[in-house]
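Peer 1: Structure, please.
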Amino acid sequence: MILITTSHRPTRRVRSLCNDLARSIPGLVRVNRGKMSLLEVAEKTIQLGAGNFIVIDRWKGGPGRIRLFKISESGFDESPPRLYISGVKLRREFRIPREILNKKIDSVFLDASNPLSPEIDKFRLSIAEFLGLPVIYSVSEALNYEACMRISADEDCWAYISFYFLSGNVEFGPRIKISHVVWDV
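Peer 2: Presented below is the predicted three-dimensional model:
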C-alpha cells in the first residue's frame, strides 16, 4: 500500500489528480493532508501499514511536481526521481462513459513493449519499482490485467504517463506530461 496526498492548500485540479491516480493505480490510498507536516504524513503512512508515500505539489494553481518518499528504519527520505509536471488531462476531461469515469482499477501493469531512450527506460523501471507494478514487455502476456500504464516520449514534453484499458485500448486518464525529472534528490 502507498499513501498519496497533496501539498498544503491544494487547488481543485491537484486534488482531482490525486483522486484520479488513487483510482487508476491499485494500492494507492488517498489521504487529506490538511495541516500535516511531512513528518506527520510519514507517521500516518506507518499507521496505515504502508511503506511509501507520494506528495503532489502545486505550482501556479495546478499540479507542478510529484515527490516520492520511502520510509525506512531511520526515518523517511525522498526517493528519486522527482517529477516536474508541465500539464495534466484529468479523467473527467476524457470523453468516456460515467461508469468508467468513477471506476477503481483492480489490476495494472507497466507497458514496456516499446523501448525508448535509456533515460526514459530507467525512469519507467524506477516508477514501476516504487509503485510495485509488474513490468511487461509483451502485451500478449497481460491476459490477467484490466489496464496498463504507459510512459512514452513526446515532442512537446520529455515524457508522459497515461493509462489505458486493455479491452479496446481506450485511454481513461489521467495523462500527465512530464517536463523533466531530477535524479539527485
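Peer 1: alpha carbons only for contacts and neighbour counts from here, please
Peer 2: Fine.
Peer 1: Quote the end-to-end distance of stretch 68-83.
Peer 2: Counting by Cα to Cα, to the nearest Å, you get 9 Å between the two ends of stretch 68-83.
Peer 1: State the mean pLDDT of that stretch.
Peer 2: On average, the pLDDT along stretch 68-83 is 94.
Peer 1: Can you pull out the residues in contact with it?
Peer 2: By Cα atoms under 8 Å, 6 or more residues apart in numbering, the surrounding residues in contact with stretch 68-83 are 42, 51-55, 65-67, 123, 126, 178-185.
Peer 1: Ends of stretch 172-185, what's the gap?
Peer 2: Criterion Cα to Cα; first-to-last residue distance in stretch 172-185 is 31 Å.
Peer 1: So for that stretch, what gets flagged as buried?
Peer 2: By 16 or more other Cα atoms under 10 Å, the buried positions in stretch 172-185 come out as 172, 173, 174, 175, 176, 177, 178, 179, 180, 181.
Peer 1: Then stretch 89-104?
Peer 2: Neighbour-count burial for stretch 89-104 [16+ other Cα under 10 Å]: 89, 90, 91, 92, 101.
Peer 1: Identify, from those, the entry nearest to residue 158.
Peer 2: Nearest to residue 158, judged by Cα to Cα, of these is residue 89 at 16.0 Å.
Peer 1: beta partners of that closest one?
Peer 2: Note on residue 89: beta-bridge partners by DSSP bridges are residue 175.
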